[in-house]
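In: Sequence plus predicted model, see below.
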Amino acid sequence: MNRPQKSLVRLALAVHRGLLSANASGRCIELPTGAWQRATDLVARIRRAELHGWLLAAARLRKDLGNVLTTLQAPLVQLERTLSNCLWSPYRASPVDLYEDMASLDEQFQAMSFDSKSQQLAVRTEPITLEARYLGPFEIRLDLRRLATDGPYRVIALDPHPAVSRDGVTHPHVLGEVLCEGDGRTAIRQALTQGRLLDFFQLVVNLLRTYNHASPFVELALWDGESCGDCGATVTADERCICERCEDTICCDCATTCGDCEGSFCNQCIGKCDHCHDAVCSRCLQPCAGCNRVVCSECLDHERCPHCHEQEEPKVLDAPTETAGAAIHADGLGQVVVPA
Amino acid sequence: MQILVINNDGAGFANYLDLPHGTTVEALFARQMGTQAKAENYLIRVNRQPVSRDQVLVEGDRMSITPTKIEGAR
């Protein structure tokens, strides 16, 4: 995109004013307030889920909380290291540096634009493909008014091909237009603080071009969704259940609740009480000591099923018959004649 | 001579260094990144332009080193 030099100069001056304002608001030292807020929200949601007995939802939220806590640790550790190692740099971009950065951005990226009303500077990447998975081009939009905040930029999918299971994940490391910066976080923050815009955009683009197998929101191998282990249908995140015995993914329609423990199980791991025919998981089914049929806890009583209990009920005894001439057995004699 | 060195690996570092005249891009890269680092894993720019490794740096140059692979997370 060819841009008249004059407008780039004005742009550079506008960005420089934004940077001065951001630095004046004390952005030099930044605490992960965004991640802390996310953790606080998750804790509230976990409490709510537990209160309502939504155990699976609570378990998933606890897992999300663990991930957020990890993102909290890294910047705090890095900040401590930076302060203690005196890595702090006095360098700040001048308007000339900014002008040259933006001239380079214009050359190196597909499109660069600046919205003076919203004070947003944006560049477009080439179409991103990771492991043969087409994700489309992205726009990196930097809000100059929010440079002092935790989330001054967004990553917007221009031709979204999101994960089937989570439509907010348009890239393995982008959720809801927020890039999880991982290893690049501190360098990105430093670049923004110092006004090195070319470096900032280059860092974000390099992050988008890299797939971290160990820590995506959705793995590329599962980008087209997971299949229900029972019926084979594609399962979205909302419909997804996990069998509590084999941990296989199943859809909500195929998940069966055990009548004893109330857990969710797949067709392979759920059984049936031989007496009342209720659905009961294999852990809760117990063998009857009398007939070895498997029954639920409701039907098992003193290790016997109802059928065996019926079989063991004591019979009513017959009335004694008269025997003529039989002598009453005298205590101590030991013998008595009994007619045939 | 003074060179602005920007190292975008890890924490990110931008500062002016005093270097002897005749320092090449390759020599400064090795000094910043260590001899084990491979140049092909980095985007190396002088004054925002790609350069050859044997280019000699001059007073006031701006050299940046940015890893090409940076791992995000979730």
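Out: Right, received. Where do you want to start?
In: ranges for the helices of the stretch 101-250 of chain A?
Out: With helices called from DSSP state H, counting those that start in this stretch, the stretch 101-250 of chain A shows them at A:185-193, A:197-208.
In: Please identify the one among those helices that comes closest to residue A:156.
Out: helix A:197-208 (11.5 Å; C-beta to C-beta). Using the backbone N, CA and C atoms, a C-beta is placed for each residue, glycine as well.
In: so what does the closest one touch, helix or strand wise?
Out: helix A:95-108, strand A:138-143, strand A:153-157, strand A:178-179, helix A:185-193, strand B:62-67 (3 or more C-beta pairs under 8 Å, 6 or more residues apart in numbering or on different chains; DSSP states H and E).
In: swap the cut-off to 7 Å and go again
Out: helix A:95-108, strand A:138-143, helix A:185-193, strand B:62-67 (3 or more C-beta pairs under 7 Å, 6 or more residues apart in numbering or on different chains; DSSP states H and E).
In: coming back round to it: got TSV for the helices of the stretch 101-250 of chain A, with distance to residue A:233, mean neighbour count and mean pLDDT too?
Out: Formatted as TSV, the helices of the stretch 101-250 of chain A follow (distance: least, C-beta to C-beta, whole Å; neighbours: other C-beta atoms under 10 Å in any protein chain shown; pLDDT from 0 to 100):
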stretch	distance to residue A:233	mean neighbour count	mean pLDDT
helix A:185-193	38	24	88
helix A:197-208	32	25	95
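In: what's the closest of those helices to residue A:167?
Out: helix A:197-208 (18.4 Å).
In: Other residues contacting that closest one?
Out: For helix A:197-208, contacts defined as C-beta atoms under 7 Å, 6 or more residues apart in numbering or on different chains pick out A:15, A:98, A:101-102, A:104-105, A:109, A:123, A:125, A:128, A:138, A:140, A:171, A:173, A:179, A:181, A:184, A:187-188, A:191-192, B:6, B:8, B:43, B:48, B:64, B:66-70, B:72.
In: Could you do stretch B:54-72 as well?
Out: Contacts of stretch B:54-72 (C-beta under 7 Å, 6+ apart): A:173, A:179-184, A:199, A:202-203, A:206-207, A:210, A:212, B:1-9, B:19, B:22-26, B:28-29, B:32-33, B:41-47.
In: same thing but 6 Å
Out: Stretch B:54-72 is contacted from outside by A:173, A:180, A:182-184, A:202, A:206-207, A:210, A:212, B:1, B:3-9, B:22-25, B:41-47, using C-beta atoms under 6 Å, 6 or more residues apart in numbering or on different chains.
In: what distance separates stretch B:30-44 from the middle of the whole chain?
Out: 8 Å (C-alpha atoms, centre = their mean, to the nearest Å).
In: Tell me which residues of that stretch come out buried.
Out: B:32-33, B:42-44 (16 or more other C-beta atoms under 10 Å in any protein chain shown).
In: give the contact list for residue A:12.
Out: Contact analysis of residue A:12 by C-beta under 6 Å, 6+ apart lists A:95, A:98-99.
In: Redo the helices and strands packed on helix A:197-208 as JSON lines? Include distance to residue A:293.
Out: Supplementary listing: the helices and strands packed on helix A:197-208 in JSON lines, determined by distance: least, C-beta to C-beta, whole Å:
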{"stretch": "helix A:95-108", "distance to residue A:293": "74"}
{"stretch": "strand A:138-143", "distance to residue A:293": "61"}
{"stretch": "helix A:185-193", "distance to residue A:293": "60"}
{"stretch": "strand B:62-67", "distance to residue A:293": "65"}
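In: Now stretch A:56-64: buried residues?
Out: A:58, A:60-61, A:64.
In: Neighbours of residue 8, how many?
Out: Went with chain A since none was named. By other C-beta atoms under 10 Å in any protein chain shown, the residues close to residue A:8 number 19.
In: I was after chain B.
Out: By the measure other C-beta under 10 Å, the count of residues near residue B:8 is 27.
In: And stretch A:290-305, how far out from the chain middle?
Out: So, by C-alpha atoms, centre = their mean, the centroid of stretch A:290-305 is 40 Å from its chain's centroid.
In: what residues does that stretch touch?
Out: A:260, A:273-276, A:278, A:280, A:285-289, A:306, A:308.
In: Any buried residues in that stretch, and which?
Out: A:293-296, A:299-300, A:304-305.
In: end-to-end on it?
Out: 8 Å (C-alpha to C-alpha, to the nearest Å).
In: now stretch B:33-46
Out: Separation of the first and last residues of stretch B:33-46 by C-alpha to C-alpha is 16 Å.
In: Can it be said to contact chain A?
Out: No: judged by C-beta under 6 Å from any C-beta of the partner chain, stretch B:33-46 stays clear of chain A, getting no closer than 6.7 Å.
In: what is the mean pLDDT for that stretch?
Out: Taken as a whole, stretch B:33-46 carries a mean pLDDT of 92.
In: what separates it from the chain centre, distance-wise?
Out: 7 Å.
In: How about stretch A:184-196?
Out: Worked out by C-alpha atoms, centre = their mean, stretch A:184-196 lies 28 Å from the chain centre.
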